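Asks: Quick one: sequence plus predicted model below, questions after.
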Number of protein chains: 2
Amino acid sequence: MSGSFDAVSTLNGIYADKIEASLRALCESKRGVIPPRLLKSMSYSLLDGGKRLRPALCLAAAERNGVRAERAMPMAGALEFLHTASLIHDDLPCMDNDDLRRGRPTNHKVFGECLAILAGFSLMIWAFEHALSGLVSNGIPYEAAFRAVSFLCEATGPEGLCGGQTLDTDRESQSADRDFVYEIAEKKTASLIRASVVTGALLAGASDEIVRRYSEYGEHVGIAFQIVDDILDATGTAEKLGKTPRKDEAQDKRTFVSAYGLDGAKQRAERESARAAEALSPLFPGGDLLITLAEQLAHRSR
Amino acid sequence: MSGSFDAVSTLNGIYADKIEASLRALCESKRGVIPPRLLKSMSYSLLDGGKRLRPALCLAAAERNGVRAERAMPMAGALEFLHTASLIHDDLPCMDNDDLRRGRPTNHKVFGECLAILAGFSLMIWAFEHALSGLVSNGIPYEAAFRAVSFLCEATGPEGLCGGQTLDTDRESQSADRDFVYEIAEKKTASLIRASVVTGALLAGASDEIVRRYSEYGEHVGIAFQIVDDILDATGTAEKLGKTPRKDEAQDKRTFVSAYGLDGAKQRAERESARAAEALSPLFPGGDLLITLAEQLAHRSR
């Protein structure tokens, strides 16, 4: 780690205000168009002070490939919509059955299950609509926008995020194999984090070689992120996490901690962080914030 | 009605086999790629002998604007994916809580709520992915594919289908206004039927004037379709419907029958059918199957 410099906070400092303003304006623009209670439920979860890591990664990748953040913003918004949708569904009684998210009651606790499901559904479709129309009206060429949105679909559909949620929550889909935790993490967490940087590069029309490097970076950052999440769940407090800790253990979930122990999980997080950094290093011989972010990820504490 | 000629069966006869074969091949292509139980749950509801009205309308509209059915098929599939997703969610315990659909146990009855929600989620995202990549690889120009997929997003998102499901199932979102049943039907049913014909026209690069006529046609066909659904729910048997009848009444749902009485609802269905037919008439001075279909819709019995 580079002293007290915190790469996630620095990345946040560059993009968070712009992302927040864009998400608020989007919700505001739908007043009178979307049924009021549905919009309220969607906004409740979308505007809840999340870290905005995925949109920030997308904007950073776009800017490093020559597209200004403002032009890439529709994709950043879409990523946060999709991430929020997955959290709403994850918390449902039939999935993780969680009451607390980012320190507040979960969506279904406030709006009921029916509206929570529809809010997730809505955010998801709105994500694709917003990315498609927004990117093209921001002057991104059709083909680049098309490739980016297609990648986003694949990352979040049954081969990606939805598949990962299945493996994570459906008992009968689970395997006793120790490496099964990798498969869950790859689909459930890494697929959307990888899509964040890859879509940023794709909408900028980056070469296949560059896209491949961002893809590898996102994959390893995503896995490291999930391992640390598992470690924090096993060791953190509700106050610090903003959600109920020790849920994994209580639900007998398969996690990196249950599969490899606390020390084993920490070592694996370090290794994933290092591989993420290596993937981008050749593109930035003088170093880069994204590389530092990957290096620091194994040590995050919230 | 034109004697014993049945326009829906005729449309079905032209397209259903091709649509069925395409849906089966799509599910088959995902073996080993999507977690097995998730794919099973998706296929269970997708390949259940539905009428395939929406994809057939899309292919018919595409062909009438110069694009062969084979090339438009990815959009037809996407429409059926989305329709199926909405039915799976509609049947959930927290929504309509239905045990029977097309004569078989509903998805959550067979696979549980968690997998049913994820199967709906998955079909929805797969729809957009499949439409985007399939249309472009079938040689539909990027811009036309984009316009069609964007329209599909809007029709199914919080301003369309998801909004309609909210109005239909969320007590606190309901209004005592008699015309409220129109608003539900417009968003919940008509939006996707309109999208079926409009996307067919859009991907064929039809002019704004032609798209507007298909849009009007689809809107009125959709409303007529919902009115007849309400009439059948109030008068049909489980055997004939393949689902539990009188659910609307039992759940105190706002329907065209409860708002306007049985005769009032029938008259309204006739009027919507007539307006649908009028919208397309100028394009087909010699008549057309789509016009006959609209005219016959008010009299369908299942």
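Replies: Looks like it came in fine.
Asks: Going by C-alpha atoms from here, please, whenever you check contacts or count neighbours.
Replies: Noted.
Asks: following the helix or strand harbouring A:Ile184, which helix or strand shows up next?
Replies: Using DSSP states H and E, A:Ile184 sits within helix A:180-185. Downstream of helix A:180-185, the first helix or strand assigned by DSSP H and E is helix A:191-203.
Asks: now the angle from the helix or strand that that next one is followed by to helix A:191-203?
Replies: Under the assignment DSSP H and E, the closest C-terminal helix or strand after helix A:191-203 is helix A:208-235. With axes from the mean of the first three to the mean of the last three CA atoms, to 10 degrees applied, the angle from helix A:208-235 to helix A:191-203 works out at 160 degrees.
Asks: what does the helix holding A:Ile184 rub up against?
Replies: Contacts of helix A:180-185 with the rest of the structure, by CA atoms under 8 Å, 6 or more residues apart in numbering or on different chains, involve A:164-165, A:167-168, A:174, A:222-223, A:226, A:254-256, A:259.
Asks: Equivalent analysis for stretch A:42-60, please.
Replies: A:8, A:11-12, A:15-16, A:19-20, A:23-24, A:27, A:68-69, A:72-73, A:75-77, A:79-81, A:84, A:88, A:102, A:107, A:119-120, A:122-123, A:192-193, A:196-201.
Asks: Okay, helices next: where are they in chain A?
Replies: A:7-29, A:36-46, A:53-64, A:69-90, A:107-137, A:142-156, A:161-169, A:180-185, A:191-203, A:208-235, A:238-241, A:247-250, A:256-280, A:289-297 (DSSP state H).
Asks: between the third one and helix A:69-90, how many degrees?
Replies: Using the same axes, to 10 degrees, the inter-axis angle of helix A:53-64 relative to helix A:69-90 is 160 degrees.
Asks: Kindly report the residues of the stretch 1-150 of chain A close to chain B.
Replies: The stretch 1-150 of chain A comes close to chain B at residues A:33-38, A:94-95, A:113-115, A:118-119, A:121-123, A:125-126, A:128-129, A:132-133, A:142-143, A:146, A:150, as judged by CA under 8 Å from any CA of the partner chain.
Asks: Among those, name the buried ones.
Replies: With burial judged by 16 or more other CA atoms under 10 Å in any protein chain shown, the buried subset of the residues of the stretch 1-150 of chain A next to chain B is A:34-38, A:94-95, A:113-115, A:118-119, A:121-123, A:125-126, A:128-129, A:132-133, A:142-143, A:146, A:150.
Asks: Residue ranges in chain A under the pLDDT threshold?
Replies: A:1-3, A:237-251, A:302 (pLDDT under 70).
Asks: let's see it at 80
Replies: Scanning chain A for pLDDT under 80 picks out the ranges A:1-4, A:49, A:176, A:178, A:236-253, A:300-302.
Asks: So for stretch A:168-180, what gets flagged as buried?
Replies: Buried residues in stretch A:168-180, counting neighbours by 16+ other CA under 10 Å, are found at A:168-170, A:174, A:180.
Asks: ok, and the closest non-adjacent residue to A:Glu295?
Replies: A:Ser273 (5.3 Å; CA to CA, 6 or more residues apart in numbering or on different chains).
Asks: can you give me phi and psi for the residue of chain A most remote from its centre?
Replies: Relative to the mean C-alpha coordinate of chain A, counting by CA atoms, centre = their mean, the farthest residue is A:Gly32 (29.4 Å). Per-residue torsions, A:Gly32: phi 80, psi -10 (degrees, to the nearest 10).
Asks: Near chain B, which residues of the stretch 151-300 of chain A? Just list them.
Replies: Contact residues, the stretch 151-300 of chain A versus chain B (CA under 8 Å from any CA): A:153-154, A:156-159, A:162-163, A:165-167, A:169-170, A:172-173.
Asks: just those now: which is nearest B:Arg64?
Replies: A:Cys153 (30.0 Å; CA to CA).
Asks: wouldn't that closest one be in contact with B:Met124 here?
Replies: No. Counting by CA atoms under 8 Å, A:Cys153 does not reach B:Met124; the two are 9.8 Å apart.
Asks: Number of residues surrounding A:Ser301?
Replies: A:Ser301 has 12 neighbouring residues, counting by other CA atoms under 10 Å in any protein chain shown.
Asks: gap between the residue nearest to it when sequence neighbours are not counted and B:Ser9?
Replies: With sequence-adjacent residues excluded and distances taken as CA to CA, 6+ apart, A:Ser301 is closest to A:Leu232, at 7.2 Å. Remark: distance between A:Leu232 and B:Ser9 (CA to CA, to the nearest Å) = 59 Å.
Asks: which of the two has more neighbours?
Replies: Between A:Leu232 and B:Ser9, counted using other CA under 10 Å, A:Leu232 has the larger neighbour count: 19 against 13.
Asks: which ones are touching A:Arg31?
Replies: Counting by CA under 8 Å, 6+ apart, A:Arg31 makes contact with A:Leu39.
Asks: I'd like to know how far it sits from A:Glu70.
Replies: 23 Å.
Asks: Now A:Gly120. Nearest residue, chain neighbours left out?
Replies: Take A:Gly120 and drop its neighbours on the chain: the residue closest to it by CA to CA, 6+ apart is A:Ala85, 4.1 Å away.
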